[in-house]
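Engineer: need a structure here:
(2 chains)
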Amino acid sequence: MPYLLRRFLQSLLLLFFLISFVFVVGRIVGDPALIMLGTSASETALDQLRENLGLNQPIWRQYVVFLGDLLQGDFGVSFRYGFSMMPSDALRTEGTPVLPIVLSRLPATFMLAGTALVFAFVLSVVLGCLAAMHPRSWIDNLVNVISLASVSMVQFWLGLILIIVFSVQLGLLPTGGYGSWQHLLLPALTLAARPLGRISQVVRSAMLDELSKPYIAAARAKGVPEGRVVFVHALKNASIPVVTITGDELSQLLTGAMLVETVFAWPGIGLLLIDSLGRRDLPMVQAGICVVAALVILVNLAVDFAYTVLNPRIEMDNRSGRT
Amino acid sequence: MRHNLSIPALVAAQIAVAAGAAGAAPEGEFVVAVHQEPQDLAAQGAYKEINAPGLRNVLETLIATDPETGEYVPILATGWERVDDRTVRLSLREGVQFHDGSEMTAEAVARAITFVWSPDSAFTIQEYAGPGVMSAEATGPMEVEVTSTEADPMLEFRLTLTGISSATQIEENPADHFSHPIGTGPYIFDEWVRGQYWTANANPDWWGLTADAAYGETEPQFETLRFVFRPEGSARNAMVRTGEAQLATNPTPEDCTAAEGNDGYSCITGPSDAYLYGRLDQSLHAHPALGDMRVRKAIFHALDYEGIADLIGLASVPQGQLGTPDMLGFNEDLSQYEYDPDLSRQLLDEARADGVDVDGLVVEVVGRNTTPRVGSVTEVIGFFLEQVGVKTEINVQLPDVFNPRVRIKGYADEAPRAMMQVHVKQNASGEFGTNMLGNYACPDIDDPSGASRSSVHCDPEFDGRLATALTLSGDERDAALKELVGFLHERHPIIPLALLDKGYLIGDGYDYTFGVDHRFLAVNVTASE
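Structural biologist: Okay, the predicted model is just below:
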């Protein structure tokens, strides 16, 4: 079976398990009706909601209905988003469908994660290459310090520090919000810190390896400019581990955006999820987690695809660890 | 930190003179950084400020409560009278228009009230519903009668919670009612950008600009109000410091302390209607040792209440009851339980000597994680109890875990249990009666109101007296509730741990006054001297 097809089927299976996990967790943390309505809800109200949501059905039946609804793109309705109503017959039809709300928040998250990735990737390549070109020099040491600090810093804390420095002290950028490139800079830098650290280390390591190979010495002997040697010849061949780690980091960016979106009030899927958790909006939380999980799986699939494009000679079936 | 107990100014909120305040046209934008986005902006949400901060600038009520005197004062109504124990008749202010241009007639007001309180609407305001079903009917062009199906001495109070919105919208476009409030207030709703902010613009036709008496210190000074949703407290703090916002809600005590050392902004604080309590489970399923009065008394006297208030920061020591002196039923003869560890040890020794299983008692001090400083507070309570010889177990739990455990349905599963539930309760009603049901009445799982399903106490004699008190009004109700507060003080079922203050960060150049309900009214914001 071709590698990509196998990866695709594996991803589908993984998604199925994740969705099932979300369903199970939603049931074992407590009575979903009580979680949604709170302690002040009457037994009548709770019973009504259980009936409306099918929670009084056997668990296997709930599961089948849940999967059936998902196949039709129906993640249920929210009783917390846009309504302050107690449970009633009307709610089943009047609640707000959650999937369109979750999807409406995706562009903001994509914009944030995408910008953070561009920041991280570009800076990492530059820093990693510089470090590899001057091994054991002060430049190499500086890059090591930067990358370790970036990986070690807690995003939440870093975001607040950036606000204090760039917004409160220097007055250069807004403290948060959405709508212009100025609003995007601080959250994107905050989110970029961790991938910057990790990718730059991989770039440095891969480039050191490549720069020591004979074909690089041959290129230099032929008088190829150093910039071309490093950034074209060596970097291209060092790109496979870099693409791998970048793909992994993109997955992390999607999930890590939650904290950053909360600090900067960036109206993405992370802020929606945090808000929904606070409101005990179970359908919204389920939909949000499923969508994020699906995105992470898609990103990983895309990375596998990029792998085959970058190096078609690789015998996929024999690669351990990624298959 | 400025301690702006602004009650005198907010009394203004209800009755001060706005007439003659023919100042300059409103200009500029006033930005409030709030800690959460509203679920919706429906009129029913106006009953509690936390539902939708600022909504009262758009939607007004017929009458309001003077936070200083507790008396009802007119807003959209000019007067009212009791017809009988189920009915209040109100005269409406003339010449008032909704923001959509429709006239505020008796028909429109009756429709708005009935919509909010109808069980068919099933709004969350129903938690403040009385024993009967409320509805309203126009009895004249500018006269409306509000009726309950049962005798209800609190009808006027329920009207202070009821936002009056456009009947035209309710009839013709009810879906918009949840996201586009149309009221009669000094500000007209403009837009709500989900996840970011909502805005409102000054209403040039607001009735308060020309009325002889209106609420607020002045007429609106700002052309636009913007309520920005910023869940992270440090970010709200930064917004005020940078001038992005002029006011930020819910600062921490550290934010207020830091404000003292920084230029450009300050922290203002005042009492709120929220309190922190420790509910000592005394239900049928409680550990037998907690049924002994001496053990409960020992627990009450083991705690250093001054220390707990200091630890929380924006808080003060209660006067031995779950409320403040401005509330109906406040018992001024009581004082806070004394911190007396020696007395606690003595009481426990006496109980032990009589065979009470004090040494087998392990009190689970469990806090809901939405409580301020909950980790430290529960740890400190545990420390004080251990000091007098009561074993403890400390837990902090999410509402999803905590809440089911405080419902009577969950009690039996954990029996016999020894639990002190530590969390915050708000009492928006301005009197003691409403919260007594939820805390002290015998739990009734079939109670349709749901009020008593989290009670930790049961005494049929108390229930009888409470039922009687809740049918009374005015001074009679005050006296009856006062007696019940005293009765409960002696029974030691629930520990009043602290009264919570609430604060704001405010940029230099502004003064903001507020009452214990902490409703944000832009007309109470003025340029400071």
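
Engineer: what is the neighbour count of the residue of the stretch 51-200 of chain B found nearest chain A?
Structural biologist: The stretch 51-200 of chain B approaches chain A most closely through B:G195 (2.9 Å), counting by Cβ to the nearest Cβ. Just so you know, the C-beta spots here come from the backbone N, C-alpha and C atoms, and that holds for glycine as well. For B:G195, the neighbour count with other Cβ atoms under 10 Å in any protein chain shown is 20.

Engineer: lowest-scoring secondary structure element of chain B by mean pLDDT?
Structural biologist: When each helix and strand of chain B is scored by mean pLDDT, DSSP states H and E, helix B:7-15 comes last, with a mean of 39.

Engineer: in the helix or strand following that one, what counts as buried?
Structural biologist: Moving toward the C-terminus from helix B:7-15, the next helix or strand (DSSP states H and E) is strand B:29-34. For strand B:29-34, the neighbour count (16 or more other Cβ atoms under 10 Å in any protein chain shown) marks B:F30, B:V31, B:V32, B:A33, B:V34 as buried.

Engineer: format these as JSON lines; extra columns: pLDDT and distance to chain A.
Structural biologist: Listed next are the buried residues of strand B:29-34 as JSON lines, based on pLDDT from 0 to 100; distance: Cβ to the nearest Cβ, whole Å:
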{"residue": "B:F30", "pLDDT": "96", "distance to chain A": "16"}
{"residue": "B:V31", "pLDDT": "97", "distance to chain A": "11"}
{"residue": "B:V32", "pLDDT": "97", "distance to chain A": "14"}
{"residue": "B:A33", "pLDDT": "96", "distance to chain A": "9"}
{"residue": "B:V34", "pLDDT": "94", "distance to chain A": "11"}
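
Engineer: from the residues you listed, which is closest to A:F66?
Structural biologist: Within those, proximity to A:F66 (Cβ to Cβ) peaks at B:V34, which comes in at 35.2 Å.

Engineer: who does that closest one form a beta bridge with?
Structural biologist: Listed by DSSP bridges, the beta-bridge partners for B:V34 are B:F229.

Engineer: buried sites along stretch B:79-99?
Structural biologist: For stretch B:79-99, burial by neighbour count (16+ other Cβ under 10 Å) applies to B:W80, B:R86, B:T87, B:V88, B:R89, B:L90, B:S91, B:L92, B:R93, B:V96, B:F98, B:H99.

Engineer: for the record, mean pLDDT for it?
Structural biologist: Stretch B:79-99 comes out with an average pLDDT of 95.

Engineer: likewise for stretch A:240-251?
Structural biologist: 84.

Engineer: chain center to that stretch: distance?
Structural biologist: On the basis of Cα atoms, centre = their mean, to the nearest Å, stretch A:240-251 sits 12 Å off its chain's mean C-alpha point.

Engineer: for that stretch, buried residues please.
Structural biologist: A:V242, A:V243, A:T244, A:I245, A:T246, A:G247, A:D248, A:E249, A:L250, A:S251.

Engineer: show me the contact partners of it.
Structural biologist: The contact list for stretch A:240-251, computed with Cβ atoms under 8 Å, 6 or more residues apart in numbering or on different chains, reads A:113, A:117, A:120-121, A:125, A:194-195, A:198-199, A:202-203, A:205-206, A:296, A:299-300, A:302-303, A:306-307, A:310-311, A:322.
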